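>>> Kindly return the folded structure for what I paste below:
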Amino acid sequence: MTLEEGKEKFIQSWGALGSSWGINRTMAQIHALLLVAPQALCAEEIMEALKISRGNVNMNLRALIDWGLVHKELKTGERREFFVAEKDMWEVVKNIITQRKKKELEPMLKVLDEIAQVDDNSQEAKEFAEVIRDIKLFSNKADSTLDTLIKADSNWFVGTFMKMIR
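Numbers count the residues shown, from 1 in each chain. Here you go, the predicted structure:
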């Protein structure tokens, strides 16, 4: 396999994986391209490499910047903007966890708080309240665990992970 074939396979695979962590395939492909790029790329280079429109590139770059996965880089004498991916995988994982937590877990916790206030004394309402309480307990523990993980450094995480899998 040539280097170009390897890069293409990585970009396609990372794109498919993207939907698993809450982003669209094109956004993940742009991220993958920037991860393996030896230097920062401009929007035109991304468009050409992935054969996608300027609007698609711009929209997905903004989202990647919002997620903390891509940063703008200025080059002296250039009017164009250049983009580079965060290449520290620990930072990438933490940023993805932070965004998913904010978009998925926190809204669910808010809903659980609201529906825990059901005012009904029937047996069905008591069973409902018990199920919601259990889900809320688990969700709060997950939230706390994710907060700990986000604040941790990579050495602690790798050490803890290795202990868990032994």
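>>> Please count neighbours and contacts with C-alpha atoms only from this point.
Noted.
>>> tell me the domain boundaries of the protein?
Following automatic domain parsing, one finds the domains of the chain at 3-85, 89-165.
>>> any idea of the pLDDT on residue 164?
Per-residue pLDDT puts residue 164 at 65.
>>> correction: residue 85
Reported pLDDT for residue 85: 96.
>>> Do I have it right that residue 72 meets residue 83?
Yes: using C-alpha atoms under 8 Å, residue 72 is in contact with residue 83, at 4.6 Å.
>>> More neighbours: the two, which one.
Neighbour totals were compared for residue 72 and residue 83, and residue 83 leads with 20 against 15 (other C-alpha atoms under 10 Å).
>>> what comes into contact with the helix or strand containing that one?
Assigned by DSSP states H and E, residue 83 falls within strand 82-85. Contact with strand 82-85 is made by 31, 34-35, 39-43, 69-75, as judged by C-alpha atoms under 8 Å, 6 or more residues apart in numbering.
>>> Tell me how far it lies from the chain's centre.
Its chain's C-alpha centre lies 17 Å from the corresponding centre of strand 82-85 when counted by C-alpha atoms, centre = their mean, to the nearest Å.
>>> ok, which stretches of this protein are helices?
Using DSSP state H, the helices of the chain run over residues 3-18, 25-36, 43-50, 54-66, 89-100, 106-115, 123-151, 154-165.
>>> which of these sits most buried?
For the helices of the chain, average neighbour numbers computed from mean count of other C-alpha atoms under 10 Å are highest in helix 25-36, which has a mean of 22.
>>> For it, what is the distance to the chain centroid?
Its chain's C-alpha centre and that of helix 25-36 lie 12 Å apart, by C-alpha atoms, centre = their mean.
>>> for that helix, packing partners?
Other helices and strands packing on helix 25-36, by 3 or more C-alpha pairs under 8 Å, 6 or more residues apart in numbering; DSSP states H and E, are helix 3-18, helix 43-50, helix 54-66, strand 82-85.
>>> can you give me the mean pLDDT across the second one?
If I follow you right, that is helix 43-50. What helix 43-50 shows for mean pLDDT is 97.
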